[in-house]
Structures are given as C-alpha cells and as structure tokens.
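Trainee: Compute the structure for the input listed below.
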Amino acid sequence: MEPVYRFEIHVPPEAVDENHHVNNVVYVQWMQAAAIRHAQATGCSQVTAALGSSWVARMHHIEYLSPAFAGDLVTAMTWVADMRRVRSLRRYRFVRATDSVLLAQGETDWVYVDAKTGRPRAIPEAVQKLFTLVDELPESK
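Mentor: Numbers count the residues shown, from 1 in each chain. I've put the predicted structure just below:
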C-alpha cells in the first residue's frame, strides 16, 4: 500500500455555495472522507473496531488556496505524518486534476479512544504498523 492515499472527487453542484465555488465546510467533509477511505484501505478500520477502539478528531486546520467549482475533478490525497502515544497527525492536499492547481491543504489531529468510554488509549502496534509515516509531500505533487 502506498503511504499517500489518493482518490478522485467529481465536484457536485450541491457542494457550491452562494460565492459560486466549493464551500469551505465541504473540504472538511472531504478530509473526513479521505481519512475513512485510507483507514479502510489499510485495514485500520477493521483492526481498530476489533480492538474496541475508534478515532475522534481533536483539531482540524485547513488552508484554502484557490477555488474549486461544480464539475471540477479534484484529486484528494491524505497521509499519516506522525503517531504519538494516543494521537496521530494526518495531512491532506486537494488538487484540481485538469491543471494541477493546489486548492486546499490541511491536517487533522486524531485521538485514538476506547469506543465505549471515549477515553484516550495508546495506539497499539497493530494499528501503527498499518501506516508508513510521511512528514510532508514535495510541493510538486
């Protein structure tokens, strides 16, 4: 499995707001979707559930760089930048496929928690080994 997970998003008309471009909240939804898809692809979702755990977002940071519009094809990229005792930093990049313009980039600080109590738990090795850590992508990608 590649350390950077990629997938394509065809921007639907309902993602566009009164400013005629993709609404800022939609990017946060795409960040969540990217994290879930990557976790499913690596087997992290299955391992985490089997261990009675879950992930919750502690903080999102996003930088909007250029607008996207209905009908655009956007390449979403996500990767795990680091894992600490109970937290993991995941980064994202959204690029318009037709002209390679960087639309937005961001990160989420995720906390590994006990699914029943919601209390943080140490990230087990079985989960850690599913990801290759990538600090940052080169600007050209």
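Trainee: if I look at residue 101, how far off is residue 7?
Mentor: As judged by C-beta to C-beta, to the nearest Å, residue 101 and residue 7 stand 18 Å apart. Bear in mind the C-beta positions are built from the backbone N, C-alpha and C, glycine included.
Trainee: hang on, I meant residue 71
Mentor: For residue 71, the distance to residue 7 - C-beta to C-beta - is 18 Å.
Trainee: Have a look at those two and say which one is more surrounded.
Mentor: In terms of neighbours (other C-beta atoms under 10 Å), residue 7 is the more surrounded of residue 71 and residue 7; the figures are 15 against 10.
Trainee: does that one count as helix, strand or coil?
Mentor: Using DSSP: H, G, I helix; E, B strand; the rest coil, the structure places residue 7 in strand.
Trainee: residue ranges with poor pLDDT in the protein?
Mentor: By pLDDT under 70, the weakly predicted segments of the chain are 138-141.
Trainee: Between the two ends of stretch 114-132, how far is it?
Mentor: End-to-end distance for stretch 114-132: 23 Å, by C-alpha to C-alpha, to the nearest Å.
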